[in-house]
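Novice: below is the sequence, then the predicted model.
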Amino acid sequence: MKNKFLLALLFLGFAGLQAQNKIKPGPKKAAPTQGVAKKAVMPSKTTNQGIFAEIETSKGKIVVQLEFTKTPITVASFISLAEGKNEYVTTPNVKNKPFYDGLKFHRVIKDFMIQGGDPLGNGSGGPGYSFKDEITDAKFDKAGILAMANSGPATNGSQFFITHKDTPWLTGKHTIFGYVTSGQNVVNNIAQDDVIKKITIKRKGIAATKFDASKVFAAYYAGKAEEDKKQAAIQEVARIKKAEADMAAKKLYLEQYGAVLAQKAMALKAIKATAATSESGLQYVIKKDAAAKKPTTGTNVYVYYAGYLEDGTLFDSNYEAVTKEFGTFDQNRANQNGYQPFPFQYGNKQGLISGFIEAIELLNYNDKATIFIPSKLAYGERGAGNIIPPNSNIIFELEIVETPPTK
């Protein structure tokens with residue numbers, strides 16, 4: 001959903017989950033569900049039979065049960081990489097050897113997830129191949145979910161992540177292929193650059209023993225070119241239909257809300273005329289709360305935002321009232337408690353677009369700011385999906401609070 005978009009975009013630093021296989025931290029762009037990391041909830045039918053991956057880390061052992069019947073291609077890739085038997089690996093130094101051994105958790109976000117599996121250690125690496133998504137009815141509704149990181153549809157490689165808590169905005173966007181059965185406390189204690197010492201695959205039961213990961217993946221890859229061609233044709237038809245539908249929807253929307261957008265654009269332009277400018281080029285106007293205090297580095301703050309294009313278009317907000325004013329309110333998001341501030345560790349320099357991070361650090365609790373982020377500090381030439389065009393300057397109304405609302 002488009003409303004889940006922002007966090008994922010902000011945490012792009014998630015688009016990293018996405019140009020660099022980054023996972024989008026909270027919404028969805030709807031802010032992530034609040035709360036501390038939960039204990040892992042094992043699959044409802046977990047037994048002592050199945051395929052298990054024992055992940056030895058510098059903080060201890062994590063055991064995950066792999067969903068080899070529901071996501072056979074993903075599990076086959078993971079196992080064959082872990083065991084050093086994947087013939088399609090082309091990345092130097094990890095070919096024909098246990099792929100994951102010695103790699104680090106290169107991306108860790110508190111109360112969100114840990115991410116590893118990149119031989120380059122910076123979010124941009126992989127095995128030298130990609131494969132399709134296997135989206136099932138599984139949901140990101142608990143801690144301890146093992147899933148593939150990606151940079152968009154059908155871009156799975158070697159990077160994976162394990163959740164600290166429920167992350168519903170990721171459902172349908174990342175292949176879930178396993179669940180932590182023990183060691184969630186280790187997951188919660190992993191810090192950035194902690195090491196994956198070794199991954200050992202254990203097979204228990206007849207079905208698990210019969211699952212030949214190398215053969216399963218080889219069979220898939222043999223037909224991948226033809227499958228990709230068919231999928232591309234299907235996607236092109238879908239793209240055209242969507243473009244037509246989007247155009248019609250935009251026309252109708254502007255008929256109803258064009259005046260609201262125009263008024264907002266004028267108001268933002270007037271505010272910008274009074275803005276201060278930082279050395280980076282960020283412009284801002286802050287309405288100070290005289291009684292407010294500065295957050296302490298390392299503490300979680302809770303962030304409210306409303307994001308606009310320069311023409312007044314609201315591309316996302318976790319202020320419910322704002323979305324209603326602009327006609328973008330989403331009842332499903334509201335039902336999921338999505339109109340809430342998202343948590344962010346104050347002082348963290350990663351995970352969000354740089355202009356947003358700089359703005360947060362200018363604020364005390366309860367300050368209200370309007371920030372004008374130049375394209376170079378936002379999404380630059382690439383833009384962000386179909387929401388933020390390339391080379392767009394973007395604007396946020398922003399507030400941080402010390403504690404989230406109880407609602």
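Specialist: Looks like it came in fine. Residues are numbered from 1 along each chain as shown.
Novice: which other residues reach stretch 303-312?
Specialist: Contacts to stretch 303-312, defined as CB atoms under 8 Å, 6 or more residues apart in numbering, come from residues 6, 31, 260-266, 268, 314-319, 322, 341-344, 360, 388-389, 392-401. For every residue, glycine as well, the C-beta is placed using N, CA and C.
Novice: filter those down to the ones in strands?
Specialist: 314-317, 342-344, 394-401 (DSSP state E).
Novice: quick one: low-confidence parts of the stretch 301-407 of the chain?
Specialist: Scanning the stretch 301-407 of the chain for pLDDT under 70 picks out the ranges 407.
Novice: for the nearest residue to Ile400 once chain neighbours are set aside, what are its contacts?
Specialist: Leaving aside its chain neighbours, Ile400 sits nearest to Val301 (4.5 Å; criterion: CB to CB, 6 or more residues apart in numbering). By CB under 8 Å, 6+ apart, the contact list for Val301 reads Pro295, Pro343, Phe344, Gln345, Tyr346, Ile360, Tyr365, Ile400, Val401, Glu402.
Novice: which of the contacts of stretch 303-312 count as buried?
Specialist: Neighbour-count burial (16 or more other CB atoms under 10 Å) applied to the contacts of stretch 303-312 gives 6, 31, 261, 264-265, 268, 314-319, 322, 341-344, 360, 388, 392-401.
Novice: just the pLDDT for Lys24.
Specialist: Lys24 is assigned a pLDDT of 64 by the prediction.
Novice: same question for Gly16.
Specialist: Here, the pLDDT recorded for Gly16 equals 37.
Novice: is it correct that Ile286 is in contact with Ile360?
Specialist: No: with contact defined as CB atoms under 8 Å, Ile286 does not reach Ile360; the gap is 11.6 Å.
Novice: and the nearest residue to Ser375 once chain neighbours are set aside, how far is that from Glu310?
Specialist: Nearest in space to Ser375, with sequence neighbours left out and distances taken as CB to CB, 6+ apart, is Asn391 at 4.8 Å. Look at Asn391 and Glu310: by CB to CB, to the nearest Å, they are 11 Å apart.
Novice: Ile109 now?
Specialist: Where Glu310 is concerned, Ile109 sits at a distance of 30 Å (CB to CB).
Novice: which helix of the chain spans the most residues?
Specialist: Secondary structure of the chain per DSSP state H: the longest helix is helix 224-272.
Novice: just checking, what packs against that helix?
Specialist: If contacts are counted by 3 or more CB pairs under 8 Å, 6 or more residues apart in numbering; DSSP states H and E, helix 224-272 sits against strand 283-287, strand 368-373.
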